[in-house]
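K.L.:
Below is the structure, and that's it, no one-letter string:
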């Protein structure tokens, strides 16, 4: 059976590799993995996990995290010996993970580090995200099970589904305020932590809460107490929370802003241009395109996202709004954080080049007798220099309430600025808290083009573009608009312009038209610039690049097609559609059960058995579409397999010995019955026959699903 599963995961991994290679435009996140495997020497002698097990572990992880668009890539393996870390390679007694910090020098700073060694007392262990460590520990036997997915869930802030179930009844844990209790996630059913009541992956208990309501936990959730063979899913809210943590705490693992631990700056990240910009630090919500993130380059410890602090004597009591806030939890100062350490978060880049009167509003709490120094700084040069904006030191509050602050950012109007939130640690009773940061700004009077590039056909006669006026300044204004040759030639391919465009006092948009000269002999595309200049042009003012397109043959419609891979009620769809003369720009799936999707690959779980008509409509860059339809059969239960009866005969001259070597691939055999052609019968794994009257024997076996298998043997 183990080889069967390995082949299955290998096939799924191949599918995932194919899907990953086509999913780059669909935001598939690929995280590198370094395995740190216990071994006798650094070449891997007597390693506690071989290459096949490591591959199977990666395949299992990829199956587990595919629905949320996360994949893992085995980057390298390091073998750790007892000389490197005392006691790390001890297959008999196991390694005590309390010495885990001794392994840190072997970590890869740009990968998930998975430690594989025999562990004492546990199957796995994880660092929490606020410990700023991208690592988990797994027992070798559990490497190919669901333990790695479970432990990485912890590393991405997910608690057990049975966490703190004593907080209250089901109505509280699963109610609208459930984000404060239990596992802090509402769509995971409350769990009474009774693994003994789970049978065949289904909870069959009669345990009730304080209000007499029966528990109905999900034994298939990766964070439940269900068995490894049962756990196969995260809830949607668990997925949202993990994706949020990946974006804020683990972005260096997929080189979001640059190689390795490159932090975001105004030079390498998406810039905020719409105001007000609000950050509520709510990890149970989909992360914004421009979030505040941990300073992974310098932090030894991270700001913690949570609904409260771990101590009643320090930190804020609850969020200002939403589900969570951030704080530096100094309650247990240990290997990760020390007196004088700095813990920082970085803002997105705020583009204030066309804005004025910017302000920064936020709420803070500095409750605790060991409070350090909380500050906000700004940089105009991508983090080379940080300028002070606001600072507080020592205890400022006598309880967990919030204080709201507004900071004037007028000196940064007209520029691009990034902020840094920094807390310098002093002692254990010093949980500094921050929530609800909002940057406000008003527009200046600026004129810009609505695009930075556009196309026009060579026989289109004209090209039009829009000028947008932004700001609160009243009265008339003007902007100088001029063209500039690139590969196109004014007078041959287009008519040049160089003139002021006037806006009346009440006008916010103007349309400008340029004549395009038809050239039947145009060989290839050609380009020219449209440049805005003058006092109303933005400081960051790229030209509008116009491409005159050569006449092309008529667009050919795409051909839609897709493959289906069903695993019970979970079906993977992969588009194999093609467009011979362009590219596909849109995928629209009708999954037959009222659900839809718009990616080229997806995994979908059907709620009921049946046949579903699934259609895929693809659209190419020329606007033409095509639809393909298939009927998909779904079964939530696998087909039961009959047991296989096998007879082993041993002729001992005066006696005949018959042994059942029967087996059942999806269960176990409960009964063996023997029938001889002389009318005699026997039961059990072994039958013995004396005498010479019988010459034939029949074996009938029955399994735990009451299915039967038969075998016959002529032995004389």
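P.N.:
Now that the structure is in, tell me what you want to look at. As the structure is a prediction and not an experimental result, all values here were calculated from the model.
K.L.:
Quick check, central residue of this protein?
P.N.:
Geometric centre of the chain, nearest residue: residue 243, 4.0 Å, by C-alpha atoms, centre = their mean.
K.L.:
what helix or strand is that residue on?
P.N.:
Residue 243 belongs to helix 236-249 when assigned by DSSP states H and E.
K.L.:
elements contacting that helix?
P.N.:
strand 70-80, strand 293-294, strand 304-306 (3 or more C-beta pairs under 8 Å, 6 or more residues apart in numbering; DSSP states H and E). Every residue, glycine included, has its C-beta placed from N, CA and C.
K.L.:
Show me where the stretch 351-500 of the chain has its strands.
P.N.:
Assigned by DSSP state E, counting those that start in this stretch, the stretch 351-500 of the chain shows strands spanning 355-365, 373-379, 387-393, 403-408, 416-424, 433-443, 446-449, 453-457, 462-470, 477-485, 498-503.
K.L.:
and the ones you listed, which one's lowest on average pLDDT?
P.N.:
Among the strands of the stretch 351-500 of the chain, strand 446-449 carries the lowest mean pLDDT, a mean of 82.
K.L.:
partners of it in the sheet?
P.N.:
strand 462-470 (antiparallel) (DSSP bridges).
K.L.:
For the partner strand, buried residues please.
P.N.:
463, 465, 467, 469-470 (16 or more other C-beta atoms under 10 Å).
K.L.:
mind giving me CSV with these and columns for distance to residue 279?
P.N.:
Output for the buried residues of strand 462-470, formatted as CSV (distance: C-beta to C-beta, whole Å):
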residue, distance to residue 279
463, 40
465, 34
467, 32
469, 29
470, 24
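K.L.:
any idea which of the helices and strands packed on helix 236-249 is most buried?
P.N.:
strand 293-294 (a mean of 25; mean count of other C-beta atoms under 10 Å).
K.L.:
Residues in contact with that one: which ones?
P.N.:
132, 247-249, 251, 263-264, 302-303, 344-346 (C-beta atoms under 8 Å, 6 or more residues apart in numbering).
K.L.:
tell me which of these is nearest to residue 563?
P.N.:
residue 247 (30.9 Å; C-beta to C-beta).
K.L.:
Test my guess that that closest one contacts residue 287.
P.N.:
Yes - counting by C-beta atoms under 8 Å, residue 247 touches residue 287, with 4.3 Å between them.
K.L.:
chain center to stretch 230-245: distance?
P.N.:
Centre-to-centre, stretch 230-245 and its host chain are 8 Å apart (C-alpha atoms, centre = their mean, to the nearest Å).
K.L.:
Which stretches in the chain count as helices?
P.N.:
2-22, 51-65, 147-155, 170-173, 236-249 (DSSP state H).
K.L.:
Might you report the residue contacts of residue 80?
P.N.:
36-39, 88-89, 103, 106, 115, 117.
K.L.:
Counting neighbours, which of those residues comes out on top?
P.N.:
Counting neighbours by other C-beta atoms under 10 Å, the top entry in the contacts of residue 80 is residue 115, with 28 neighbours.
K.L.:
Spit out the contact partners of residue 239.
P.N.:
Taking C-beta under 8 Å, 6+ apart, one finds 67-68 in contact with residue 239.
K.L.:
Export the helices and strands packed on helix 236-249 as TSV, with columns for mean pLDDT and distance to residue 167.
P.N.:
Converted to TSV, the helices and strands packed on helix 236-249 look like this (pLDDT from 0 to 100; distance: least, C-beta to C-beta, whole Å):
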stretch	mean pLDDT	distance to residue 167
strand 70-80	97	30
strand 293-294	97	28
strand 304-306	92	14
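K.L.:
Of the ones you listed, which is nearest residue 596?
P.N.:
When the helices and strands packed on helix 236-249 are compared by C-beta to C-beta, strand 70-80 sits nearest residue 596, at 22.1 Å.
K.L.:
can I assume residue 396 is in contact with residue 369?
P.N.:
No - applying C-beta under 8 Å, one finds residue 396 not in contact with residue 369, separated by 11.8 Å.
K.L.:
rewinding a little: with respect to residue 190, which of the contacts of residue 80 is nearest?
P.N.:
residue 115 (31.9 Å).
K.L.:
In terms of pLDDT, where does the nearest residue to the closest one once chain neighbours are set aside sit?
P.N.:
Nearest residue to residue 115 in three dimensions, chain neighbours excluded: residue 137, at 4.3 Å (C-beta to C-beta, 6 or more residues apart in numbering). On the pLDDT scale, residue 137 is placed at 97.
K.L.:
Just confirm residue 137 contacts residue 123, I think it does.
P.N.:
No - with contacts counted by C-beta under 8 Å, residue 137 stays clear of residue 123, the gap being 9.4 Å.
K.L.:
so what sits against both of those two?
P.N.:
With C-beta under 8 Å, 6+ apart as the test, residue 137 and residue 123 reach no residue in common.
K.L.:
what about these two, which has more around it?
P.N.:
Ranked by neighbour count (other C-beta under 10 Å), residue 137 and residue 123 place residue 137 first, with 24 against 17.
K.L.:
OK, contacts around the more buried one?
P.N.:
97, 100, 114-115, 117, 119, 124-126, 151.
K.L.:
In this protein, where is pLDDT below threshold?
P.N.:
By pLDDT under 70, the low-scoring segments of the chain are 1-26, 335, 443-444, 472-476, 519-522, 535, 552-553.
K.L.:
List the contacts of the residue nearest to residue 464 when sequence neighbours are not counted.
P.N.:
Among residues not flanking residue 464 along the chain, residue 513 sits closest, at 4.7 Å (C-beta to C-beta, 6+ apart). Contact partners of residue 513, counting by C-beta under 8 Å, 6+ apart, are 462-464.
K.L.:
Tell me the one among those residues nearest to residue 436.
P.N.:
Using C-beta to C-beta, residue 464 is the member of those that lies nearest residue 436, at 43.4 Å.
K.L.:
The closest one and residue 512 touch, don't they?
P.N.:
Yes - counting by C-beta under 8 Å, residue 464 touches residue 512, with 6.9 Å between them.
K.L.:
Run a quick neighbour tally on residue 644.
P.N.:
16.
K.L.:
Could you measure from it over to residue 715?
P.N.:
20 Å (C-beta to C-beta, to the nearest Å).
K.L.:
what does residue 437 give?
P.N.:
Residue 437 is 84 Å from residue 715, by C-beta to C-beta.
K.L.:
For those two, work out which one has more neighbours and name it.
P.N.:
Taking other C-beta under 10 Å, residue 437 and residue 715 do not tie; residue 437 has more neighbours (22 against 15).
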